[in-house]
Structures are given as structure tokens and as C-alpha cells.
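Student: Got a predicted structure plus its sequence, pasted below:
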Amino acid sequence: MSARSGVLITLEGCDGCGKSTQAALLCARLAAGGLPVGPSSAPGTVIREPGGTAAGEAIRDVLLHGLQAPAPWTEALLYAAARAELVERVLLPGLGAGRVLVLDRFIDSSLAYQGFARGLGIDAVLGVNEPGLRGLLPDLTIVLDVDPLVGLGRAGGTPDRIEAEGLDLQQRVAAGFAVLARRFPERVRLIDGFRDIDLVAASVEAAALQAVADAGARPGG
Ligand code: TYD
């Protein structure tokens with residue numbers, strides 16, 4: 001970890017919580033403030049999970065739009081594989097170059113969806129992710145807290161496989177994120193996502209700027 005001088009900020013929450021919108025707004029605001037946001041190959045952009053690499057996008061298709069639903073552990077391992085590729089090819093180089101990387105989902109989605117909501121176990125899912133994470137955890141994880149019912153109503157378009165599973169799963173996911181906020185209080189922050197978009201964006205930006213300042217103060221930062 002000492003090899004990194006950048007900052008890793010992840011946005012999380014149940015489906016339809018508004019994190020993709022907020023991740024894009026955050027990138028724009030941080031870039032406007034002069035920070036080196038996003039990977040050097042695509043400055044100013046959000047990185048999305050699963051995805052962000054060629055293998056990751058192919059895995060995303062299998063997971064969310066393939067013909068047959070993967071078994072729970074297959075699902076967990078495929079997300080972990082997409083993540084390992086992203087860590088190696090995008091995150092470690094970007095952080096090593098001192099960039100501020102904003103991710104739309106990361107490890108905590110696997111812990112909440114596969115670990116908690118699917119019942120595989122938070123520790124078990126963390127365990128299979130660890131080799132691919134290479135010691136990397138976010139400096140700050142913002143969980144946008146919204147009522148899952150509101151979230152499902154917001155997620156427009158054709159639902160992907162996980163959205164199509166409905167409210168029960170989303171309620172367990174929201175409970176999973178609450179567990180993670182208690183378990184990792186040093187990096188996970190719940191922010192009320194059921195407010196005016198600009199108010200949410202201001203809270204997200206304030207938390208992110210604090211994380212950037214804290215990272216600047218860490219040894220070697
Ligand atoms: P998301 O990017 O929110 O979908 P969209 O771009 O369609 O809004 O995430 C895709 C789905 O994958 C979402 O339902 C959450 C799920 N997911 C997991 O179950 N585990 C994971 O580790 C990740 C990264 C996502």
C-alpha cells in the first residue's frame with residue numbers, strides 16, 4: 001500500500017440508490033477543483049464494477065445478461081475475477097500515479113450482495129476476493145442510503161438479472177450495507193440518498209474532499 005499515493009473512493013448502495021449519478025457528479029466536481037481524477041487513460045471518468053476492463057465487461061455480460069443465472073458461488077467468484085483484473089490493470093497503476101479514482105461499486109457490493117444477501121458469508125466472500133485485491137481497500141466508501149422500494153422504482157429501463165429478483169433481495173442488500181458500515185467504520189460512511197440530488201452531491205463531495213485531505217496527511221501520501 002505504501003506504493004500508492006492516490007486516493008480510492010467507492011460509491012455503493014442497493015439498485016437505484018443513485019450512486020451512478022452521484023459518482024459522475026463527484027468526478028466532475030473533483031476535476032473542477034483541479035484534482036487528477038480518473039485513470040490517466042480516461043481522465044475525469046468514473047470506473048464501474050463489474051467492468052472497467054475488457055475481461056471485466058465480458059464477465060459483466062455473463063453475470064447480468066447471460067442465459068442462465070449463475071449459482072451463488074459462481075457469481076461471487078466471477079465478480080472477484082472481474083475485480084482482480086481491474087485492480088491489476090487500472091487501480092494499482094492509477095493509484096501509483098497519484099490519481100483520485102472514483103468507483104461505481106467495488107468489494108463492498110460483493111460483501112453486501114453475495115456475502116450478506118445471498119448468505120454466502122461476509123468473511124467467506126472477503127476471503128475469495130483477498131488475493132485479487134492485493135491488499136487494496138478503499139480510502140472512503142460512500143453508501144447511499146435509500147429505501148430499497150424507492151430504489152427499485154427509480155431503476156428505469158429493462159431490469160438486469162439482479163434487479164429482476166425484486167424487493168426481498170434489495171432489502172437484504174440494504175441490511176448488508178448497514179452491517180458493513182458498523183464493521184468498517186474507519187472507511188464506510190452512510191449518506192442519506194433520499195434528498196434533493198444537489199444536497200446529496202454536496203454531502204458526497206464533502207466526504208470525498210476529507211478523504212483526499214486525510215490521504216495527503218498519511219505517511220508517504
Ligand atoms: P450496477 O452497476 O449498479 O448496475 P447498472 O449499471 O445496471 O445500474 O451493478 C450491477 C449489478 O451487479 C447490481 O445489481 C449489483 C450487482 N453486483 C453484485 O451483486 N456484486 C458485486 O460485487 C458487484 C460489483 C455488483
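Tutor: Looks like it arrived, so ask away.

Student: contacts, neighbours, all on C-alpha from now
Tutor: Noted.

Student: list the contacts for the residue in the chain positioned nearest to the ligand?
Tutor: Of all residues in the chain, residue 110 sits closest to the ligand, with a separation of 3.4 Å (CA to the nearest ligand atom). Under the criterion of CA atoms under 8 Å, 6 or more residues apart in numbering, the neighbours of residue 110 are 76, 79, 80, 125.

Student: Give the next helix or strand downstream of the strand or helix carrying the second one.
Tutor: Translated: residue 79. Per DSSP states H and E, residue 79 falls inside helix 72-86. Secondary structure here is assigned by DSSP H and E; on that basis, the next helix or strand after helix 72-86 toward the C-terminus is helix 92-96.

Student: Which neighbouring elements make contact with that following helix?
Tutor: Here helix 92-96 is seen to pack against strand 100-104 when contacts are counted using 3 or more CA pairs under 8 Å, 6 or more residues apart in numbering; DSSP states H and E.

Student: buried residues in the strand it packs on?
Tutor: With burial defined by 16 or more other CA atoms under 10 Å, the residues of strand 100-104 counted as buried are 100, 101, 102, 103, 104.

Student: now do stretch 24-42
Tutor: Of the residues in stretch 24-42, 24-31, 35-40 count as buried by neighbour count, 16+ other CA under 10 Å.

Student: Compute the first-to-last residue distance for that stretch.
Tutor: End-to-end distance of stretch 24-42 (CA to CA, to the nearest Å): 13 Å.

Student: pLDDT value on the closest residue to residue 81 other than its chain neighbours, please?
Tutor: On the basis of CA to CA, 6 or more residues apart in numbering, the spatially nearest residue to residue 81 that is not a chain neighbour turns out to be residue 132, at 7.3 Å. In the predicted model, residue 132 carries a pLDDT score of 98.

Student: which residues sit against the helix or strand where residue 132 lies?
Tutor: Assigning secondary structure by DSSP H and E places residue 132 in helix 122-133. By CA under 8 Å, 6+ apart, the residues outside helix 122-133 that reach it are 76-77, 80-81, 83-85, 87, 107, 110-112, 114-116.

Student: Specify which member of these is nearest to residue 174.
Tutor: When the contacts of helix 122-133 are compared for distance to residue 174 (CA to CA), residue 112 comes out closest, at 7.7 Å.

Student: Which pLDDT value does the model give that closest one?
Tutor: pLDDT, residue 112: 98.

Student: could you list every residue that touches it?
Tutor: With contacts taken as CA under 8 Å, 6+ apart, residue 112 has the following neighbours: 122, 173, 174, 175, 176, 177, 180.

Student: Just the buried positions in the helix holding residue 79, please.
Tutor: With burial defined by 16+ other CA under 10 Å, the residues of helix 72-86 counted as buried are 75, 76, 77, 78, 79, 80, 81, 82, 83, 84, 85, 86.
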